[in-house]
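S.K.: one predicted model, sequence on top.
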Amino acid sequence: MEGKENTRDVAYFEQWNIYRKVIKYNYMFHAEIIDIVRQEIYDLKDISVLDLGCGDSHVLVSSIDKALNFQYLGIDTAKNAIRFSEKNLSSCKGDARHINGDFFVELEKLTGGFDVIISGYSLHHLNREKKEKFFSLISNLLSDFGVFIFYDIESNIGESQVEYKTRTYRILRKNWKQINGNEMDTIINHINNYDMPENEDFHMENMSKNGFINIKNPFKDKHDLYSLYVSRKHRRLR
Ligand SMILES: C[S@@+](CC[C@H](N)C(=O)[O-])C[C@H]1O[C@@H](n2cnc3c(N)ncnc32)[C@H](O)[C@@H]1O
């Protein structure tokens, strides 16, 4: 199903318990991601943060100074994930708000500049056309000098989505030892039906052509499954 969008698997993330285990055992390298996000945002004061497909907001809550003021907007289709997010954010001084909905739809309605936009492991659920539009919407919502932190699954150059997924199944079955048989079946079923990875060229090209500068790729995992980018925004000429 290369480039073709399927209905979102809201039920998978409503469960959240499987993904919690993935985070707990660092199978998708959240610890490394948090180190990088922390370097980017830890001491920024009075910032506004937009978190797309926020899940339980574990990355933001673990990266920001909890005593600082900030405005946070998290968007997610899974109500249960938002419940965990609200609980996690309650330890922060910042002001948190959520929208339980599809970020692609909500992005069109939002206005104003966000200082930090995070899109973590959520873009690959959109088809290629929507992904392209996504980068342009983000560019319009990021404030001058704002930072865009984007991490997601990423195929190798020349690798098809099917090949990427086949490679993923092999790596997950070998390495995700704390995930039981039923959980692994659920994960693989989810990937098979809903994941649409793109490659580095696609991500770089779409950030570049939408006005992002200083694009850095400080993290790629050892299996070449995931990638994180940090980029900034050209200051708009007034
Ligand atoms: C793999 S989890 C990632 C959670 C978190 N961002 C992280 O880095 O761990 C993907 C999250 O994105 C949400 N999601 C996927 N597509 C979405 C969409 N179009 N609109 C809103 N939320 C979406 C899912 O419900 C889920 O909570």
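M.R.: Arrived safely, thanks for sending.

S.K.: going by C-alpha atoms from here, please, whenever you check contacts or count neighbours.
M.R.: Fine.

S.K.: how near is the residue lying closest to N214 once chain neighbours are set aside to the ligand?
M.R.: Excluding its sequence neighbours, the residue lying closest to N214 (CA to CA, 6 or more residues apart in numbering) is S231, at 5.5 Å. From S231 across to the ligand, the span is 17 Å (CA to the nearest ligand atom, to the nearest Å).

S.K.: wait, a strand at S231?
M.R.: Yes. Counting by DSSP: H, G, I helix; E, B strand; the rest coil, S231 is located in a strand.

S.K.: next up, the contacts around it.
M.R.: With contact set as CA atoms under 8 Å, 6 or more residues apart in numbering, S231 has these partners: 147-149, 212-216.

S.K.: please name the bridge partners of it.
M.R.: Using DSSP bridges, the beta-bridge partners of S231 come out as F148.

S.K.: ok so Y169 is a helix residue?
M.R.: Yes. Assigned with three-state DSSP, Y169 falls within a helix.

S.K.: and the protein, which residues reach the ligand?
M.R.: Residues of the chain lying close to the ligand by CA under 6 Å from any ligand atom are 10, 13, 53-55, 75-78, 81, 101-104, 120-122, 125.

S.K.: buried only: go through these for me.
M.R.: With neighbours counted using 16 or more other CA atoms under 10 Å, the residues of the chain next to the ligand contain these buried positions: 13, 53-55, 75-78, 81, 103-104, 120-122, 125.

S.K.: the residue positioned nearest the centre of the chain pairs with what?
M.R.: The centroid of the chain falls nearest to G120 when counting by CA atoms, centre = their mean (1.0 Å). Per DSSP bridges, the residues bridged to G120 are Y151.

S.K.: so how far is Y25 from it?
M.R.: According to CA to CA, to the nearest Å, G120 and Y25 sit 17 Å apart.

S.K.: before we move on, what about K216?
M.R.: Between K216 and Y25 the distance is 26 Å, computed by CA to CA.

S.K.: now the end-to-end length of stretch 62-79.
M.R.: 21 Å.

S.K.: and it, average pLDDT?
M.R.: Stretch 62-79 carries an average pLDDT of 96.

S.K.: stretch 19-28 too?
M.R.: In this model, stretch 19-28 carries a mean pLDDT of 97.

S.K.: and what of stretch 139-147?
M.R.: Averaged across stretch 139-147, pLDDT comes to 94.

S.K.: name the residues that touch it?
M.R.: So stretch 139-147 is contacted by 110-117, 148, 210-212, 230-236 (CA under 8 Å, 6+ apart).

S.K.: one more time with 10 Å
M.R.: Stretch 139-147 has contacts (CA atoms under 10 Å, 6 or more residues apart in numbering) with 40-41, 47-50, 107-108, 110-118, 133, 148, 207, 209-213, 230-237.

S.K.: among these, which ones are in helices?
M.R.: 40-41, 107-108, 133, 207, 209 (DSSP state H).
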